[in-house]
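>>> Task: produce atomic coordinates for the following.
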Amino acid sequence: MIDLVWGADPPASAVNIIHKYIGALRRLMEPGLPLRAPGSYLLRHGDGYQFVAGPATLDLVTFRRLVSSAKSKLGQDRAAEALDDYVEALRLCHGTAGGALADSVAASAVLTGIDGEFFDTVVAAAELAVQLRQPDRVLSSLRLAGEMGRLNEIVHASLVTTLAAAGHQAEALATFGAIRLRLADELGIDPGNDLQNTQRRALTQTAMPPAEDVAALQVVATPAAVIPAQLPPDLPLFVGRESELTLLADLVSGGQAAGRTSPLVIAMAGMGGVGKSTLSVHFAHLNAGKFTDGQLYLDLQGHLGEDENVAAGDALRSLLYALGVAAPDVPDTVDARTGLYRSLTAGKRILVVLDNVRDVAQVRPLLPNSAQSLVLVSSRQPLVGLAVLDGAHLLGVDLPDMPTARQLLKRRLTGPPRRTDASSSATIDEIIELCGRLPLALAILAARLTARPQLSFATVATELRDGARRLQAFPCGRGVSDPRTAFSWSYRQLSPAAARLFRLLSVTLSSGVARPACISLSGREPAETEAALDELAEMGLVTEHEDGRFTSHVLVKAYADELFRHTEPPPERKSTISRLLQHYLHSSFNAQVILEPNRTPIQPPPPLPGVMPERLRNYAEAFQWFAVRREMLKEAVQVAADLGYGIVPWQLALTMQQYLQWAGYYQDWGEIMRAALHAARQCGDVVGEAHSLRSLAGARHSFGDYNEALRLLSEALHIYEERGMRLEQALIHTNSHRVYSALGRHDLAVEHSKEAQSLFRDLGNRRSENLSLFYQGKSLVDMGHFDQAIPVLRQVLEVNQQIGRGIEEGEIRNAIACNLAELGRLDEAVEQLELSAQTSGQVGHRPNHFDALRRLTDLLITTGDMDGARQALERAHAVLREFQGGGTESMRAELAELALKLGPDATGN
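Numbering: from 1, shown residues only. The predicted model follows:
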């Protein structure tokens, strides 16, 4: 027995488990049996057990005895008694013999033989029952046989004949249609002659044998024609959805083209409360007149879960009732109901609205058999299988735009007119955004405001601003579903892994989260997390964007946060947030290393178990990674600063500096470093304070606030000198050179660059030493020492190309071009500026790219090449538009001055 259950690898407790199984079996056979009692059937026998039930206990023995008795009585012309024995025997069969327990060819043969005995008996009994005008007595057994032998033509021929004899002509024809389709789909054959003959007899109602008293025959006619009109009332306050309605109308118009052989099916999907049902019913009312054979409507309640939704068989029963089929004539099996439904809808112009569909299996049997029919389906998840198998058109129903949402809210405020001014209009817009533009939420708030005229917009907005209590602003009454309830229906259908991830996603940042970050957030295996994430997307609880981010609706996220706080213990809540923040820190550090900043990146401490940082392969990937995740990283710094745990804010902030500087996000740069500086000072982290001061100085320099930049650099230098941090001191001197150069204090600038060069040389940092030499050469140009600058700048460019530092090449060529222009070598200067613009554009260094094009424009004006200058100016404007906020005020002023030199046609617009 152990081998049969576990094979070659049984557990150590196998014997004990077998004992428990035997005990359970004994109590199934004898429900009142006390624990550990041996019972009457399963007795110990050596090292095993013996089943000792006698012949009177076994249904198969009884079945065979009754069948033998029936055959004997038939030979004695005792037909009525024979039918009684047959019916009693058939009642002993409840399904396929052995179920799926056959584990060998021999066992399969035995069990198949038992099923064959049942088939033979039920066919013989049915023939006798029809002769005796008692077909109803064997119908239930015949239907069971039809389910067991789905391709058995003899059984189905008997079933069709008996149904027709019992007066169920519609079900008989539907049964024939179902077996015919099955034979064609699965075996590629047509029904045999016997089965086809039974169909013809059913059609002509000649299944019952002739009798002298014709009035005794019960022949049930095809149900009378009924034109159903089941659509729910249309919403009188319907607004918007013009694009969706236009698309639906186009599909219906196109679906009426000649040659169509199947119904037009449109499956609408969207999150709970987005308005799918309202849209489908509204469109159905607009088009109901085109479907002259009626409109059917069913709420399949698929959003309530597997145990509460309407099964396909029950849905078919409802549809058949609507089409005029009397309750006694509704077939017992799903296949038979499907066949009858298709027969009754064949060739009809019927509109079917199937609301709240759970899955494809629930809806497929409900599709009418008519190319002139329209089926509108709504579901919380895209019914991809319906498109694949039935050619359905999939339509996503998204949130309304802001003007439509505003119109929806105002139109539903049906009470006394409220006074609105600029302030209240802004509050209304804030309410709409805090509701995430969800129509269900807006409808509830409108009803609440209407019911309570004294309730102000400002009060509602205040309630919604509190993220932890946001959903409490939506009270639900009897018969009204609030957002929390709507979301809970979807949540209850999730697998345990997806439900956990849904709760954890409540801590993600407002800008969204990518798959790799979800894996770290979860702390589980990547495959498990990705499957859970896909499940959430299918259920409409998260939205996947083209750039790979996943976001949650603001109210869905509030619901997830409620669950997170009530379900996860405090240590898990803290570690979840920490894993997410550490993912961003370590991933950003990896990307920063590839960008190769001027200083070696500061290695963060090891992450928590389960954190899987992203690793980028090259410069382009790293730069793009920062571009996509900039908002996430910015928010992560602030979250870490507010919480005081997870990561050290300044460590993440510093990993972002190069990208923010080179991509022109000066405002973000300043905001992030101020948050990091504040956090470092709050916890007494002096080194972190110095790093933040130095980086913030760079942001202020970019905005032209040179005095503030020098003050910040001086504070940072003092801390570095106290702690003997020589690399950081060198970097401070490099930064000071740039600021003093901008102030025109070239003597001080050179002094700082020489100090930096000396420190870099002592540290063996050749790259930064070369950069310090470049700053000296640049100062030589600024001071008018053009001949002295030439060899210095050439040496700097040569070394730069040797070490592969493309990020500085653009700035070096800019300086070389300025020097050449001062020497009157204008063509060479133009060439250097073009190379600078090209190199800077390739590496994404927008400040250098802009500066090269600005200088090129000015130089071309000097040479008289006005067309070339206009083209260069337009290129400079294009780069400037890529800067955050359209660049700094001084940048815009420089281009405006150049445009004035070129005339009215060079505005850059």
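>>> just the CA coordinates of the helix or strand harbouring G313, formatted as CSV?
Element membership for G313, per DSSP states H and E: helix 312-322. Extracted in CSV, the C-alpha atoms of helix 312-322 (Å, rounded to 0.1, in the frame of the first residue of the first chain):
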residue,chain,number,x,y,z
ALA,A,312,-23.1,28.5,-16.7
GLY,A,313,-25.9,25.9,-16.2
ASP,A,314,-27.9,28.2,-14.0
ALA,A,315,-27.4,31.1,-16.4
LEU,A,316,-28.6,28.9,-19.3
ARG,A,317,-31.7,28.0,-17.3
SER,A,318,-32.5,31.8,-16.9
LEU,A,319,-31.9,32.5,-20.5
LEU,A,320,-34.2,29.6,-21.6
TYR,A,321,-36.9,30.9,-19.3
ALA,A,322,-36.6,34.3,-20.9
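>>> List the buried residues of the helix or strand just after that helix.
Per DSSP H and E, the first helix or strand lying C-terminal to helix 312-322 is helix 334-345. Residues of helix 334-345 classed as buried by neighbour count (16 or more other CB atoms under 10 Å): 334-345. The way it works is simple: take the backbone N, C-alpha and C, and place the C-beta from them, glycine included.
>>> Report the inter-axis angle for helix 334-345 versus helix 312-322.
Going by axes from the mean of the first three to the mean of the last three CA atoms, to 10 degrees, helix 334-345 is angled at 30 degrees with respect to helix 312-322.
>>> Next secondary structure after helix 334-345?
Next along from helix 334-345, by DSSP H and E: strand 351-357.
>>> same for that next one, what does it pack against?
helix 276-287, strand 295-299, strand 374-379 (3 or more CB pairs under 8 Å, 6 or more residues apart in numbering; DSSP states H and E).
>>> need the ones you listed in JSON lines with mean neighbour count, can you?
Formatted as JSON lines, the helices and strands packed on strand 351-357 follow (neighbours: other CB atoms under 10 Å):
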{"stretch": "helix 276-287", "mean neighbour count": "21"}
{"stretch": "strand 295-299", "mean neighbour count": "21"}
{"stretch": "strand 374-379", "mean neighbour count": "27"}
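>>> which other residues reach the helix or strand that D787 is a member of?
Per DSSP H and E: D787 is located in helix 786-803. When contacts are defined by CB atoms under 8 Å, 6 or more residues apart in numbering, helix 786-803 is touched by residues 766-767, 770, 773-774, 776-778, 780-781, 808-809, 812-813, 815-816, 819, 822-823.
>>> coming back round to it: so which of the helices and strands packed on strand 351-357 gets nearest A172?
strand 295-299 (23.8 Å; CB to CB).
>>> can you dump the C-alpha coordinates of the closest one into PDB?
Extracted in PDB, the C-alpha atoms of strand 295-299 (Å, rounded to 0.1, in the frame of the first residue of the first chain):
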ATOM      1  CA  GLN A 295     -32.700  41.800 -25.400                       C
ATOM      2  CA  LEU A 296     -31.400  39.400 -22.800                       C
ATOM      3  CA  TYR A 297     -29.500  40.500 -19.600                       C
ATOM      4  CA  LEU A 298     -27.700  38.500 -17.000                       C
ATOM      5  CA  ASP A 299     -25.600  39.600 -14.000                       C
END
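>>> What's the mean pLDDT across it?
What strand 295-299 shows for mean pLDDT is 90.
>>> elements contacting it?
Strand 295-299 packs on helix 276-287, helix 312-322, strand 351-357, going by 3+ CB pairs under 8 Å, 6+ apart.
>>> In the shortest one, which residues are buried?
Of the residues in strand 351-357, those buried under the neighbour-count criterion (16+ other CB under 10 Å) are 351-357.
>>> contacting residues for T734?
Contacts of T734 (CB under 8 Å, 6+ apart): 598, 752-753, 756, 768, 771-772, 775.
>>> quick one: which two of those are the most distant?
N598 and H752 (14.7 Å).
>>> Hmm, F457 is touching S424, no?
Yes: assessed by CB atoms under 8 Å, F457 is found in contact with S424 at 5.5 Å.
>>> Out of the helices and strands packed on strand 351-357, which is closest to A899?
helix 276-287 (50.2 Å).
>>> Identify the residues contacting that closest one?
231-232, 234-235, 238, 241, 244-245, 248-249, 252, 268-270, 295, 297, 351, 353, 355-356, 374, 376-379, 397, 439.
>>> where along the stretch 801-909 of the chain do the helices fall?
806-822, 826-843, 846-863, 866-881, 889-902 (DSSP state H, counting those that start in this stretch).
>>> Tabulate the ones you listed in CSV, adding columns for distance to A327 and mean pLDDT.
Below are these laid out as CSV (distance: least, CB to CB, whole Å; pLDDT from 0 to 100):
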stretch, distance to A327, mean pLDDT
helix 806-822, 80, 87
helix 826-843, 77, 91
helix 846-863, 75, 92
helix 866-881, 71, 93
helix 889-902, 79, 91
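>>> Throw these into CSV and include mean neighbour count and distance to A486, thanks.
Compiled in CSV, those are given as follows (neighbours: other CB atoms under 10 Å; distance: least, CB to CB, whole Å):
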stretch, mean neighbour count, distance to A486
helix 806-822, 23, 51
helix 826-843, 20, 49
helix 846-863, 23, 45
helix 866-881, 19, 42
helix 889-902, 15, 48
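>>> And the lowest-mean-pLDDT helix or strand in the chain, what's buried?
Least confident helix or strand, the chain: helix 193-204 with a mean of 74, by mean pLDDT, DSSP states H and E. Judged by neighbour count using 16+ other CB under 10 Å, the buried positions of helix 193-204 are 195, 198-199, 201-202.
>>> Okay, now the unreliable bits of the stretch 551-700 of the chain?
597-599 (pLDDT under 70).
>>> Please identify which of the buried residues of helix 193-204 is nearest to L367.
Nearest to L367 among the buried residues of helix 193-204, with distances taken as CB to CB, is Q199, at 23.3 Å.
>>> Next up, the contacts around the closest one.
160, 173, 176, 191.
>>> mind redoing it with 7 Å?
Listed by CB atoms under 7 Å, 6 or more residues apart in numbering, the contact set of Q199 reads 160, 176.
>>> Look up how far E728 lies from it.
92 Å (CB to CB, to the nearest Å).
>>> ok, now L505?
39 Å.
>>> Pick out whichever of these two has more residues nearby.
L505 (28 against 20; other CB atoms under 10 Å).
>>> which residues does that one contact?
L505 touches 513, 542, 552, 560, counting by CB under 7 Å, 6+ apart.
>>> Quick one: mean pLDDT for stretch 389-400?
87.
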